[in-house]
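[1] Below are the sequence and a predicted model for it; my questions follow.
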Amino acid sequence: MNVIELLKSHRSIRKFTDEPIADDVVTSIIEAGLASATSSNLQGATVIRVRDPDTRAAIATVAGGQQYVEDCAAFFVWCADLHRSSVACELAGGDFHDGMVEHFIIAATDTAIAAQSAVAAAESVGLGICYIGGIRNDPSAMRDLLQLPEQVMPLFGLCLGWPDQDPALKPRLPISVTLKDEFYDESGDIAGIESYDEQMREYYRERTGGKLDRTWSADMSSLLGKESRPFMRAFLDSQGFATR
């Protein structure tokens, strides 16, 4: 399978076999991720592998009871990290200006790019993955569990393991909706979204044996029609991020 087909065949895996992943394979996957593009060579991602069963159980609870955090062969927390670069500033005899929103955006972007490259590397050797955004349900608990210093933000978890399921591909929005030419032309977006809603309704019906009748638009209304983790700004402030 070529790289394009590999990326287009991505699925989240939530059931894993008991087979372990060799440590050298894990290391190579993370190295591949961290070799990704990084803005201004910040290298603003830190990856924490969590092996301790009690810590994993606590993280699974924070994430809303996601059992695969405990069951997967390898679990990682990906963090946006400006702490390390602040140390480098001191080593160079300079000053670290904390709280800059742009610096946080750089670190968070670095982390997401690196994680997705690691995911592609993992899937290329037959592993399955599942991102765990639920760790942000209680970032303070995550900070305490992982002993994170200031200027480190836990963004998401990542499960790795050998798949024990074969889920269907979840359809994506039509490329005509998400790829624009020259400017933000939304003239055909409503028709494209409506068509996609019907595609998603059929996907959910097939996946659940007719028990679930959902569309993408309804999902977005549920997601964006209410407050989402309103404590996040205060946590970012407490970690020294995004204040100016």
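    Thanks, I have it. Residues are numbered from 1 along each chain as shown.

[2] from here on, contacts and neighbour counts on C-alpha atoms
    OK.

[3] domain assignment for the protein?
    3-167+228-238, 175-213 (automatic domain parsing).

[4] Which residue ranges of this protein form strands?
    Taking DSSP state E as the criterion, the chain contains strands spanning 45-50, 74-81, 128-132, 152-161.

[5] elements contacting the longest one?
    With contacts defined as 3 or more Cα pairs under 8 Å, 6 or more residues apart in numbering; DSSP states H and E, the packing partners of strand 152-161 are strand 74-81, strand 128-132, helix 139-146.

[6] how close does the residue located most distally from the centre of the chain sit to Met153?
    When distances to the mean C-alpha position of the chain are computed (Cα atoms, centre = their mean), the maximum falls on Gly93, with 34.6 Å. Taking Cα to Cα, to the nearest Å as the measure, Gly93 falls 25 Å from Met153.

[7] residue ranges of the helices in the chain, please?
    3-8, 23-34, 53-62, 68-71, 83-91, 101-124, 139-146, 175-178, 189-208, 216-224, 232-238 (DSSP state H).

[8] closest one to Ile132 among these?
    Nearest of the helices of the chain to Ile132, taken as Cα to Cα: helix 68-71 at 8.2 Å.

[9] What mean pLDDT does that closest one get?
    The average pLDDT within helix 68-71 is 98.

[10] Would you mind finding the most buried of the domains of the chain?
    domain 3-167+228-238 (a mean of 18; mean count of other Cα atoms under 10 Å).

[11] about what we covered before: is it possible to get a markdown table of the helices and strands packed on strand 152-161 that adds mean pLDDT and distance to Ala121?
    Formatted as a markdown table, the helices and strands packed on strand 152-161 follow (pLDDT from 0 to 100; distance: least, Cα to Cα, whole Å):
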| stretch | mean pLDDT | distance to Ala121 |
| --- | --- | --- |
| strand 74-81 | 98 | 14 |
| strand 128-132 | 98 | 10 |
| helix 139-146 | 98 | 25 |
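
[12] CSV please, covering those and showing distance to Arg244.
    Conversion of those to CSV gives the following (distance: least, Cα to Cα, whole Å):
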stretch, distance to Arg244
strand 74-81, 17
strand 128-132, 28
helix 139-146, 21
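
[13] Alright, I will stop here.
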